[in-house]
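Visitor: Quick one: sequence plus predicted model below, questions after.
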Amino acid sequence: MNILLFGKSGQVGWELQRSLALLGHVIALDFDSGDHCGDFSNPDGIADTVRKLQPDVIVNAAAHTAVDKAESEPDFARLLNATTPGRIAREAKALGALLVHYSTDYVFDGSGDAPRSEEAATGPLSVYGATKLEGEQLIRQSGCQHLILRTSWVYAARGGNFAKTMLRLAQERERLTVIDDQWGAPTGADLLADVTAHAIRHLQTHPDDGGLYHCVAGGETNWFSYANYVIAQARQSQPAIQIKATDIAPVPTSAYPTPARRPLNSRLDCSRLQATFGLTLPHWQQGVARMLAEIL
């Protein structure tokens, strides 16, 4: 199996290089890969890359993910999150290739407190969410065989993440304020990569099981509780770390105004994914604890 991976240097893309290697030959590209175009601001170049390499599977882990910045550059966000993925989908259709693509809970309006299913009505609050939703729609409209995984609160040991930020601030400040009215499930890039590889293998023999799925870690939390868990784990496993923070205070989202509105409810119902692919998604604390053991 020949697999073409876009976005190899991102958190998910980095882990995908590991997980996809078990399935076949992986050509992993980024925006500056040289021999082949991996620059999503150049959809013609991306299409040419797909036609030249003729992969059996295309995995797109590239995106415009700077949520606030997208508000001031909507055309660029749309190009990266919708136009180019749509172009890839048309090329995948022509080749008969499977396209794997990642989307987000930001396609929803974040109302209520129930986990959203794949059939739930969408209503993005931001340019980022709207462009990611358009990307989904263009992929489906292309008629290509596809797997779209919506996820949320993605982290990895490699690169920056919320846990690392909280640990740094906890060593610098005596008091922290953390948002407590946004709910979701921290989801490891390694988990997404492993689910992706498992699903691709499944779809080789069950192609009709493609489509749209939700994929996040089990359980739920808010940013305030997440921060408390991270700091408590650090204190327990690494007593030598000098944690100054003695007061961690919960605050509402309104205390931190941002250019892009965040959904308050990022809970996603993953029952369809688990039933279709025979998976059990681990609790979010399991993945975070493993990540902390790696970085502390």
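Guide: Sure thing, it's come through.
Visitor: Quickly find the element holding residue 49.
Guide: In this structure, residue 49 is located in helix 43-53 according to DSSP states H and E.
Visitor: swap in residue 231?
Guide: Using DSSP H and E, residue 231 sits in helix 223-237.
Visitor: What are the buried residues along the helix holding residue 49?
Guide: Neighbour counts over helix 43-53 (16 or more other C-beta atoms under 10 Å) mark 43, 46, 47, 49, 50, 53 as buried. Bear in mind the C-beta positions are built from the backbone N, C-alpha and C, glycine included.
Visitor: Tell me where the stretch 101-250 of the chain has helices.
Guide: 127-142, 162-172, 189-205, 223-237 (DSSP state H, counting those that start in this stretch).
Visitor: Could you list every helix and strand in contact with the second one?
Guide: The contact analysis (3 or more C-beta pairs under 8 Å, 6 or more residues apart in numbering; DSSP states H and E) places helix 162-172 against strand 175-179, helix 223-237, helix 284-295.
Visitor: quick check: angle from it to helix 223-237?
Guide: Using axes from the mean of the first three to the mean of the last three C-alpha atoms, to 10 degrees, the direction of helix 162-172 lies 70 degrees away from that of helix 223-237.
Visitor: so residue 23, which of the three states?
Guide: Classification of residue 23 using DSSP: H, G, I helix; E, B strand; the rest coil returns coil.
Visitor: Which residue is the nearest non-sequential neighbour of it?
Guide: residue 1 (5.5 Å; C-beta to C-beta, 6 or more residues apart in numbering).
Visitor: my guess is that neighbour meets residue 26, correct?
Guide: No. Counting by C-beta atoms under 8 Å, residue 26 is not a contact partner of residue 1; they are 9.3 Å apart.
Visitor: Can you lay out the helices of the stretch 101-250 of the chain as CSV showing mean neighbour count and mean pLDDT?
Guide: Putting those into CSV (neighbours: other C-beta atoms under 10 Å; pLDDT from 0 to 100) gives the following:
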stretch, mean neighbour count, mean pLDDT
helix 127-142, 22, 98
helix 162-172, 17, 94
helix 189-205, 20, 98
helix 223-237, 18, 94
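Visitor: between those helices, which one is nearest to residue 21?
Guide: With C-beta to C-beta as the measure, helix 189-205 is the member of the helices of the stretch 101-250 of the chain nearest residue 21 (8.9 Å).
Visitor: How far off centre is stretch 280-289?
Guide: Relative to its chain's centre, stretch 280-289 lies at 16 Å (C-alpha atoms, centre = their mean, to the nearest Å).
Visitor: Start and end of it, how far apart?
Guide: 18 Å (C-alpha to C-alpha, to the nearest Å).
Visitor: tell me which residues in it are buried?
Guide: Buried residues in stretch 280-289, counted by 16+ other C-beta under 10 Å: 281, 284, 285, 287, 288.
Visitor: Give me the contact list for that stretch.
Guide: Residues outside stretch 280-289 that contact it (C-beta atoms under 8 Å, 6 or more residues apart in numbering): 155, 163, 185-188, 190-191, 195, 215-221, 226, 229-230, 233, 270, 273-274.
Visitor: rerun that using 10 Å as the cut-off
Guide: With contacts defined as C-beta atoms under 10 Å, 6 or more residues apart in numbering, stretch 280-289 is touched by 153, 155-156, 161-163, 184-191, 195, 214-221, 226, 229-230, 233, 237, 270-271, 273-274, 290.
Visitor: how close does the residue in the chain sticking out farthest from the centre get to residue 250?
Guide: For the chain, the residue at maximal distance from the C-alpha centroid (C-alpha atoms, centre = their mean) is residue 240, at 32.9 Å. Counting by C-beta to C-beta, to the nearest Å, the gap between residue 240 and residue 250 amounts to 28 Å.
Visitor: Give the full set of residues in contact with residue 7.
Guide: So residue 7 contacts 13-14, 16, 28-31, 38, 40, 59-63, 65, 102 (C-beta under 10 Å, 6+ apart).
Visitor: Max pairwise distance over these: which two?
Guide: 28 and 65, at 18.2 Å, using C-beta to C-beta across the contacts of residue 7.
Visitor: neighbour-wise, which of the two wins?
Guide: The neighbour comparison of residue 28 against residue 65 (other C-beta atoms under 10 Å) goes to residue 28, with 21 against 18.
Visitor: phi, psi of the more buried one?
Guide: Backbone torsions for residue 28, taken as degrees, to the nearest 10, come to phi -110, psi 120.
Visitor: and what of residue 29?
Guide: Per-residue torsions, residue 29: phi -120, psi 160 (degrees, to the nearest 10).
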